[in-house]
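[1] Below are the sequence and a predicted model for it; my questions follow.
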Amino acid sequence: MADNLALTYYSDVLCVWAYISQARVDEVESQFSDQVTIDYRFCSVFGDTAHKIGLGWADRGSYGGYVNHLREAISEFHHIKLHPDLWQCNRPVSSAPAHLLIKAVQRVDKRLCRAVLHELRLAFFERCLDISNRSVLEATLEMVGVSVNDVREVIDSGLAHADLEADRRDQQTLMVQGSPTFILNEGRQKLYGNVGYGVIQANIKELLRSKVAGAASWC
């Protein structure tokens, strides 16, 4: 595990492009399970949704205009679904509570991080639940099989807050622009936005080939 290729994946749980990209992350986990270790990190794109959408889209239809934009933008991606009332009801005020929860999960059982993240995205995008609400977050933990009490203890200790701050600090150091961002080769290779799986796969394969050959990557 220590010799595995490191892939750092930055995202915001409320970002639809990260929701789309999760299938690509899952494929990396499946295809390169013994060669690549994925580190889930978080950046704040929807840290204040009223400012991001309510004000940011005020002259373009506000929440309704934003949802119409999302539906048009993702129309070619058939592996995800958007609830008819998305962003119209049960609006999360921030992605921060979900990010904090997942940082705590990483302390409790890192292996279940991806499952919790996946369920939170389904809860929001497909079931239109408010994933900034504590009861929804804890129900998700129970669904995945993570101890709610253990997660609460990590959050109450301040450790999850410190880990989330570390994500923010490293985001600035690595110059991560937004969600989703894939980082490889100790920050030398960054893939930002709606990047196809073939591109991600090619970068990984080249780095693995270079590692075996002892040569510098040409990516």
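    Structure received.

[2] Can you list the buried residues in the one helix or strand in the chain whose mean pLDDT sits lowest?
    Every helix and strand of the chain was ranked by mean pLDDT, DSSP states H and E. The lowest is helix 197-213, at a mean of 90. Applying a neighbour-count criterion of 16 or more other CB atoms under 10 Å, one finds 200, 203-204, 206-208 buried in helix 197-213. Yep, even glycine has a C-beta here, placed from its N, CA and C like the rest.

[3] All the strands of this structure, residue numbers only.
    Along the chain, the stretches classed as strands by DSSP state E are 5-11, 36-42, 181-184, 189-192.

[4] Partner strands of the third one and their direction?
    If I follow you right, that is strand 181-184. strand 5-11 (antiparallel), strand 189-192 (antiparallel) (DSSP bridges).

[5] what does the second one give?
    According to DSSP bridges, the neighbouring strands of strand 36-42, each with its direction, are strand 5-11 (parallel).

[6] report the angle between the axes of the partner strand and helix 197-213?
    150 degrees (axes from the mean of the first three to the mean of the last three CA atoms, to 10 degrees).

[7] Can you dump the C-alpha atoms of strand 5-11 in CSV for me?
    Provided in CSV are the C-alpha atoms of strand 5-11 (Å, rounded to 0.1, in the frame of the first residue of the first chain):
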residue,chain,number,x,y,z
LEU,A,5,0.6,5.5,-6.7
ALA,A,6,-1.2,8.3,-4.9
LEU,A,7,-4.2,10.0,-6.4
THR,A,8,-5.7,12.9,-4.5
TYR,A,9,-9.3,13.7,-5.4
TYR,A,10,-10.7,17.1,-4.5
SER,A,11,-14.4,17.7,-4.7
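
[8] if I read this right, residue 197 contacts residue 27, doesn't it?
    Yes. With contacts counted by CB atoms under 8 Å, residue 197 reaches residue 27, the gap being 5.8 Å.

[9] Could you list which residues are in contact with the nearest residue to residue 39 once chain neighbours are set aside?
    Residue nearest to residue 39 in three dimensions, not counting chain neighbours: residue 8, with 4.7 Å by CB to CB, 6 or more residues apart in numbering. Applying CB atoms under 8 Å, 6 or more residues apart in numbering to residue 8 gives the contacts 38-39, 41, 174, 182-184.

[10] that older thread, for the strands of the chain, which one sits closest to residue 59?
    For the strands of the chain, the distance to residue 59 is smallest for strand 189-192, at 26.7 Å, taking CB to CB.

[11] pLDDT on that closest one, on average?
    The average of the pLDDT scores along strand 189-192 is 95.

[12] Now that strand: buried residues?
    Quick answer for strand 189-192 (16+ other CB under 10 Å): 189-192.

[13] Looking at the residues you listed, which one is closest to residue 82?
    Nearest to residue 82 among the buried residues of strand 189-192, counting by CB to CB, is residue 192 at 22.7 Å.

[14] surely that closest one meets residue 174?
    No. Residue 192 is beyond contact range of residue 174, at 11.0 Å (criterion: CB under 8 Å).

[15] Residues that sit against both of the two, list them.
    Between them, residue 192 and residue 174 share no contacting residue under CB under 8 Å, 6+ apart.

[16] any idea how far residue 153 is from residue 144?
    As judged by CB to CB, to the nearest Å, residue 144 and residue 153 stand 17 Å apart.
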